[in-house]
Structure formats: C-alpha cells, structure tokens
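>>> Whatever this is, show me its structure:
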Amino acid sequence: RRVSQLQNGEVVEAVTLFEVVSMGKQAMQSVVEDWVEAYKQDRNVALLDLINFFIQCSGCQGMVTAEMFQSLQKKDVMQKMTETFDEDNEDYPLIRTGPYWKKFKANFCEFITVLVQQCQCSILYDSYLMDTIISLLTGLADSMVRAFRHTSTLAAMKLLTAVVSVHLNLDVNKHNAQRLYEVEKKRISGKRTNCRLDQLERKRKELLEIQNMMNAIFKGTFLNRYRDVIPEIRATCIEEICSWIKTYPDAFLNDSYLKYIGWMLYDKQAEVRLKCLLGLQGIYSRKELVSRMDLFTSRFKDRIVSMPLDKDHEVAVQAMKLLMLMNCEDVLSAEDCEMLYQFVYTTHRPLAVAAGEFLYKRLLSHEGDEEIQPKGGGKFGASADQLKRLIRFFLESELHKHVAYLIDSLWDWAGKFLKDWECMTTLLLKNTEEDGEELSDAHESALIEIILATVREAAEGHPPVGRGAAKKILSVKEKKIQLEDCTKITEHFIMVLPQLLAKYSTDAQKVANLLQIPQYYDLDVYSTGHLEKHLDALLREVKDIVMKHSDISVLEASARTYYVLCSEEMAIYSQVDCARTQLVDELMGQLNQLLDGFWQKDMCFYLQMILPALQCTYFSLLWQLAAVSENPSKAFMILCDWLLILSHQDLNNNEEAVGLLDYLPSTSLQEKLLLFIQEHVFLEEEEENLTEEEETKDESCKLDDLHKKRSLLAAYCKLIVYNVVEMTAAAEIYKHYVKTYNDFGDIIKETLSRTRHNNKIQTAKTLILCLQQLFQRHAESQDSSSGVDFSSASFTNMKELARRFSLTFGWDQVKSRESVAMIHKEGIEFAFQGATGVDGKCLPPNLSFLLIISEFSNKLLKPDKRLVYAYLQRYIAEPLPCRGDEWQPLIWYRSSLLANEDEESSVLGSSGEWAPVGTSKMPSFKRKLSNGMKTFLFWICCICFVPAKMHFMLCISSTTVWWILWTFQFELWLLPSALLLLKVSSSLSRSKVGLETLSELNSDNLEFCSVLSSGICLCH
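Coordinates of the predicted model:
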C-alpha cells in the first residue's frame, strides 16, 4: 500500500496509514479500499496495521509487533505501549498548533468515517474487526497517559458517529424491506417471498449487530470520558452526543441522553459549556424536535437563562441565541424576558446584538402577530406603534439611560423602522395621533434622543464609544448605504429641523439634542438643492436659542453647529459667517452694557467676571492652536508664551491676586516640551551632496531654519529662567553648550547667567547634574572590563564642557564661592557613589569623574580648597598605597586641591597618608622629560599665547622672573627663556598700556593663564 504524492517538487511515498492520513484526504479513499482488500486476504496483518495507526496517532514511538499481538493479552499490549511512551513529552498530534496539525485532526476523523463506510457492506459484521477496534479504543481510553486517552476517545466518538449513520440507513432499509415483504406476501407466495424474508432477517441481524456496537462504545468510552479531567475530551464527548441526537433522534432524543448535555452546562470550562449550547441550538432549531424537549427544558431552563451572564463572552452570546430559539414555544416567563432585555445595554457588542434580536422579535416585531394592529392606521401606523413600544421600553429601563447602546443593539434587526425619520418627526410636530392620544413630555424627550442616536448610527456607521475596540472598516456596500443615509438625513432635516427648534426653543435638553443633528449633514445639498431659505430659517432659530439660553450644553451645541456650517470650502460659508458675525456683535454689545453697570458696583462683581473671562481666553487659545496645528513650531511658541503669562506672580505680594494665575505645567507637559526642543533644535541633520545652486538655496534655508531654532530655544529658556519649568531641565540644554556654541552659545550662556542670578546653588547643582549625566552615558558606552578611556572623544568633550562651565564663574572667587564648593561636594559624592571606602579592593565605579570636577579647582579659595580636601578625606578611610593607573584620577584631583609644594607637605604631614603618593609619582614624571623637551614646552606656551595676550605680561615683574629661576634651581635650560621674558616685561611696562587694561580680561585671558601655568608646572 504505497501512496505517492508530490511535495515541494519531490515524490513522497507513504507506507503506513499514519503517513497517508498526514498527507491529506486525496489518497484516503483508495488507501482504505486497499486496506479492506488486504483485510480480506489476511485480517491479522491488516488489523495490526490499523492498531499501529492508532498508536502512532497518539504520538507514541512504539510499535505493536505480530508476536506481541498474537501472544499477549490486550491489556499487556497496552502496558507495553505505555512503557515505551515518553511521559515527559506532553506533545502529541491532536494538540499541536498550526494549520498542518489542524488539518491532521480533520483527516484523522475523516479516515474513521471512510473506514466505516467502506466496511458496512462486507467486513463490518464479521464479529472480529469491530470487536478488536472497540476493545483497543476502550483500553486506550482508560490509559493514564493523556495522549492515549485523548486520541482514543476522539476515535471512538467518531467511530460511534459513523456507526449511527450506518444504523440509520439500515433502519430505513429495514422498513422498506418490511413493506415490500408485506406487499409481496399478499400477491404471491413461494421462493420470492422467502427471498424477501431472508433479506429482512439479514437486515434485522445487522441492526442488532450495530446496536451492540453502539452500546459497547457508549458504555465503554462515553460514560467514562464525558467527565474526564481534560476539557478537550469532555468537549469532544458532548459535541458527538449532540451530533447523534440530531442525526438519529428516534434513538437518542430522550432524557437518557439529554441529561448528559444538561449536566455539562455547569462545566467549569467555557469550551465544554459552549459545545453544549451549540448542540442544543441545533436541536431547538428543528421544530419537530422541540415538542420532545419539554422535560429537559423545564429542568435546565433556569440554568440556560442565567448563562448570558457567563464570564466567557462567546458562551454568553450563544446562550442568548439559544434562548431566542427556546422562546418560540413561549417557555420563558415575563420576568425572564425582562431580565434578558437588559443585555441590549451591555458593552460587549455581539451579546448586545443578540439581545437586540431577542427584544425586536419578542417586543417590537409584528411578524405573525395578527392580534396586534396599529391603532392609528394611516401612513405611519405600524412604524408609529413600534416607536411607541420602543419609547416605553426605554423609559421603563430605570437602570440604563444609554439610548445610543439601545439603538446600536437593534440596528441590525430594526434598521428599517429606526431609519423612518419622517414618522419620528411627524409624531413630534403633530404631537397627536388620529385617536387623539398625545405624547407626554418624557416621551418627546426620549423620541428626540432616539432620533439623534439613529442619525449618528446611520451617519458614522460604527458602534458608539465604549462598545467596540476600534472603528469598523466599512465594505463598499456599507459605504454606499452610509452615503445614501446621510443624503436622506440631510434632505429631511434641512426642512424639518427649524420647525422642531422653534417648537422646543425653550426646552434646553431637547434643543441641545436637536442642535447636534446638523453635524451629520451633507452640506452640499443646501447649494445643489437651492435650499438657502431653509438655511436662513435654521440660523435664525439658532440665534434665537443662543439669546435665550445660558445652559452650557445648549451653548456648546450651538457653537458646534456654527463651526460645522462655517466651513470655508462650502458655498454657504459667506451666508453662515455673516450670521455668526452679527450674533457676536450683538453679544458684545450686551456684554458692554452689562460691564458698564458692573464697574459701578462692588468689587465682587469684578471677581465673578474673572473666571468666564479666563474661559473665553482659554477657548480662544484652543482656536489658535487648532489653526496652527499643522505648524508645530508656532504652536510651541504660543504655548510657551501662555505658560509665561499663566505662571506670573505678583511682585507686590498682593494677597487678593494670589492664586488667580500662578499656574505651573505638569510633569508630563514639561517632559513633552523638553522632548520637542531636543527633536526640533538639537537634532542633527544628515548632509547631502548638492550642486552649487542647490547649496546656495540650502544655505538660505539653513539660515531660516537656524533662526526658527534659536527662537524655539529662546522661548524654552525663558521658561527655565522664570521658573515655569524645573531648573533641572536646563541640564539637557547645557549638554549642547560646546557642540552648538556657534549657533546657540549666546542663548545658553545668557540662560546660565540668569539662572545663577536667581539661584546660585540650584544652578551649580544643575551644572554638576549635566556633567554627571554625560559621564554616565560615557561609562555605559565603554567596555566595563577596560574602564574609562581618558583619551576618548566623549571624555575629552566632557572635560572641555567642564572647563567652559568653570570659566563662566569669572574672576571673583568670593562671589562664586558657594557655587563652586557645591560643585565639588556633589562631584565627590558622585565619584565615590557605590563604594564604602577605598580599602584597596574596591575601585569606585565613578572615580574618573574627579578629573572632570578638577576643572573647577582653580575657582576655589585656598581655605575652601582645604575644606574640600578634608571632605575628600572622609571617603578615604585608610592610607592609600601606591596604585596603578586606575587610581590616577584621585591623585590628580588631590593635586589640583593643593596650592603648592609647601602646602602639600604641610597637609601631608598632618594627615600622614598621602606622602608615598607625592614622592613616588611627581619626581619620576619629571625625570621622564629631557632638558630639550622642557625648553620646547615652555617656548610653546610663550610663542602660542604671548603675542595675542601681550597685556598679560604686565603682571610679570623682575621679582617674578627671579622667583622662577630660584624655583627651578637656576637650571641652564630655563635661563634664556627667563631673560627674554624679563626683557619683554620691562619693555611693556615702559609702554603706554595702562593697568586699566587688566579690567578687560575675559574668559580667553583666563584660558591663557591656565594653559601657561599648566605648562610651567609641567616643565617643573
């Protein structure tokens, strides 16, 4: 039995039945026929193949051999297969995911069905094949291994389903044979009658055999497995028993089988409960079977009525559909129906739609109900009666007032009369029917709400807010219906709405709902249909309503109507804009008259006007933001300006004005503002290869773009300066100081100066925070095993930024004393963060940060240097022995805090723990420089900086030069340089350059001083 199939261009041969089923249904029929033929030739061999087929479908790798099959009992064979099964592997074909294994399950069931069909005319009744298969499946179904139990249960249930079909056919054939026998018995007698009698007897025996098979499978498998711990097995049993009842109701539609379905309605797994409901729907949908379900209905009705409250949505929906089928026989009480009606207000739309169908067919529809006739008759008799029923139901639903949910639930079933807006508006305008019955005020309000909800549903085409995760994607047909409904709405309400507004102009609630209808208009109808006179009527009524009402909902609805009608693209714009302008002018005139009276009265009237005035300002701001929504930069500028205004604080400390403004933006808004600056100001743009003309245009665009960026940055920096946003936000701005110095340096520098004037300490903390964040980013980008790379570009940029920050403190060390000290304090704490002390074992992870803050050491006064050094000593608990290069930042930072060698010696002498470091590092470093190198370094310092900064030489006297020579012990390499320095200094002193030039020293002078002193020290 070899079956070939083309897969991926190759011919694949299937040898076993399992492989055939895996291939698909195409070769199944022929393979089953071949197997039947093989069974007729040698039933033991063929049956062995079938047994192994079921074993392999369970995921077992074991095989039943001929010796095992012949020598061992069936229980022993099952025991052997269980031992070979991999218990740790819980995966088997029936539970595997993916389209391939889903197809395998369908093919597996199909194989069993085809097998029974092929065997029913021959070997099905040989008392060997079916006995062996049933015995095998029953034994596997009792196994402790889930894979065996699940696979064999499914096979047994499908086998019983196929046998039920055979039984049904035999039963029909038996009845036909019985009738033929009776007919021929009356006509003739003899051999032909005996032939019919033999045929009838054979059918009777076959039926008896089939019944025995059905009983064996039902009692041996179903009764044990419908309560299995595995929900998939329970669901399979319930699904198949429902199939048996529908296929062969004469044998299975009785309480002996229905009780199992009723019991499983209480199952803990939603999958099992769902199978019960789906099966019952198939039974109750057939009217000839419903009459035989009375006992089941009376016993399990309460359970089914409660199931729309099921926690599983699909179970709840199917329960509602089942109740709708059961209600055809009026088995539900009025209380049951009232409870079920309320599900039209649920947020789960499928359940609400099912409840809407139940409500429509039970309460609103007149199909098949000849006793209920419209009272008024006429054109709108039927629709009017349905509307009144719907209104009464809505008003009687005391727990729910969500008319939009009610309309959405009924839309799929009652769309025809819900779109009958002509009938609805006729009821409102006439407010009486032909028999004289009038609508009450509550009924009118409910009908107006229903009109608005139906208009919205028809125009938008998707469920209301809260029902459905997203807007529904409409098909072409649905879009066509939507456009037709919008046109119908517009054509009808253009003429009717002014009349309704005139009638209910004094009722705020009704008017607020009616004024929402124009936003669903197709405004082109006004011009194409030459209906401008109806537009004038609408505008007059809206104006009259605005003048009459002060209710916020009415005014908002009126404003929304003007907004919708006043679209610049429409032909009616000028007409609506003129009416709106006239209304605003009249309102302003009335306001001025009222204000003239208020100014003459008590100040409390003035305070009462502040809140409405601010609201007007707020709405004006919203309109401006809406107008510039396509220009985010302009919107950002407006927002920054408004935040400055709203955060204004009275400088005179007027208690009456406190709290009127003084608004600060939330944290989330501050984060969004900063993010906008980072994305639109500091984001780098990639350079492109352009031609000369394109480069000229590009330069012009770049200048304009730079101007916009500077404006944005300046607007945001004002928020920092005036404490509208937290000062720590400036840290993100300061990071770009060096990199963007040419473009934004002046803005950042001015921001730093203003914030320092406001709060020195907080500004210092912001600077150190900026450096800390940069250092952390640098450390994260480096390899943790190799440490911090001092020569990397990012670390060099950090040192340069720290140096620039240091220069902003100027010459006055006393004035910046507290700020610089705070920088050192915060920097030391950060450097030793994560380390309890330098004990020789643990290197602080941020120790290299000391190199950064060493740039601020020259801004410390000598007493402050001692204090900072003492604060540094707190983090160094023990004497520090000679270290490697990783401890150099600590040594260099310590050196920057010591003024000179004498002071260093005195401090070291007092502490006693730094001496080894000072004596071991510096001399060895000096010895590495040759005399020629020392001379070269010193001349570089002089040649590079002296010509550009000649006024610095005024500070050098002959005494200074002699001190330098004495310090360097009159080394010969320094003598020529010193004499030249003395000569230049003397000549400059005799020149006309005054001492007032010293006052012009700027940051560049400081840079020169720092570098020159560094060069001298380096040479030393």
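>>> okay but residue 232 is in contact with residue 150, surely?
Yes. The criterion here is C-beta atoms under 8 Å, and residue 232 meets it with residue 150 at 6.3 Å. The way it works is simple: take the backbone N, C-alpha and C, and place the C-beta from them, glycine included.
>>> Who has more neighbours out of these two?
A direct count of neighbours by other C-beta atoms under 10 Å for residue 232 and residue 150 places residue 150 higher, at 25 against 16.
>>> need the contact list for that one.
58, 92, 94-95, 230, 232-233 (C-beta atoms under 8 Å, 6 or more residues apart in numbering).
>>> again, but for residue 174
Contacts of residue 174 (C-beta under 8 Å, 6+ apart): 200, 203-204, 207.
>>> which of the residues you listed lies closest to residue 113?
residue 207 (19.9 Å; C-beta to C-beta).
>>> Look at that closest one and give its secondary structure.
Per DSSP: H, G, I helix; E, B strand; the rest coil, the local secondary structure of residue 207 is helix.
>>> What does the pLDDT read for it?
Looking at residue 207, its pLDDT is 83.
>>> and if you look at the one 5 residues further on?
Taken from the predicted model, the pLDDT recorded for residue 212 is 90.
>>> On the secondary structure side, give me the element for it.
helix 191-217 (DSSP states H and E).
>>> Show me how far that helix is from its chain's centre.
Distance, stretch centre to chain centre, for helix 191-217: 66 Å (C-alpha atoms, centre = their mean, to the nearest Å).
>>> Buried ones in it, by neighbour count?
Within helix 191-217, the residues that qualify as buried are 196, 200, 203, 206-207, 209-210, 213-214, 216-217, counting by 16 or more other C-beta atoms under 10 Å.
>>> Which is the succeeding secondary structure element to that helix?
Following helix 191-217 in sequence order, the next helix or strand is helix 223-225 (DSSP H and E).
>>> and that following helix, what's its mean pLDDT?
Rounded mean pLDDT across helix 223-225 is 93.
>>> give the contact list for residue 510.
444-445, 448, 504.
>>> And residue 560, how far from residue 542?
11 Å (C-beta to C-beta, to the nearest Å).
>>> And for residue 832, nearest residue in space, chain neighbours not counted?
residue 875 (4.4 Å; C-beta to C-beta, 6 or more residues apart in numbering).
>>> Which secondary structure state is assigned to the one you found?
When classified by three-state DSSP, residue 875 comes out as coil.
>>> Show the backbone phi and psi for it.
phi -90, psi 0 (degrees, to the nearest 10).
>>> any idea how far it lies from residue 886?
From residue 875 to residue 886 the distance is 16 Å (C-beta to C-beta).
>>> just residue 116 next, same as before
Distance of residue 116 to residue 886, given as C-beta to C-beta: 82 Å.
>>> who has more neighbours, the two?
Neighbour totals were compared for residue 116 and residue 886, and residue 116 leads with 23 against 12 (other C-beta under 10 Å).
>>> got a list of contacts for the strand or helix carrying the more buried one?
Using DSSP H and E, residue 116 sits within helix 99-119. If you take C-beta under 8 Å, 6+ apart as the criterion, helix 99-119 is touched by 17, 21-22, 24-25, 28-29, 32-33, 35-36, 57, 93-94, 96, 124, 129, 154-155, 158-159, 161-163, 165-166.
>>> for stretch 252-259, same thing?
Applying C-beta under 8 Å, 6+ apart, the set of residues contacting stretch 252-259 from outside is 164, 241, 244-245, 283, 289, 292-293, 295-296.
>>> Helices - which of those land there?
164, 241, 244-245, 283, 289, 295-296 (DSSP state H).
>>> circling back: in helices only, show me the contacts of helix 99-119.
Judged by DSSP H, these include 17, 21-22, 28-29, 32-33, 35-36, 57, 129, 154-155, 158-159, 161-163, 165-166 as members of helices.
>>> residues in contact with the residue nearest to residue 207 when sequence neighbours are not counted?
Excluding the flanking residues, the one nearest residue 207 by C-beta to C-beta, 6+ apart is residue 170, at 5.1 Å. By C-beta under 8 Å, 6+ apart, the contact set of residue 170 is 203, 206-207, 210.
>>> Considering those, which is situated nearest to residue 474?
Once C-beta to C-beta is applied, the member of the contacts of residue 170 that ends up nearest residue 474 is residue 210, at 53.5 Å.
>>> contacting residues for the closest one?
Residues near residue 210 by C-beta under 8 Å, 6+ apart: 163, 166-167, 170.
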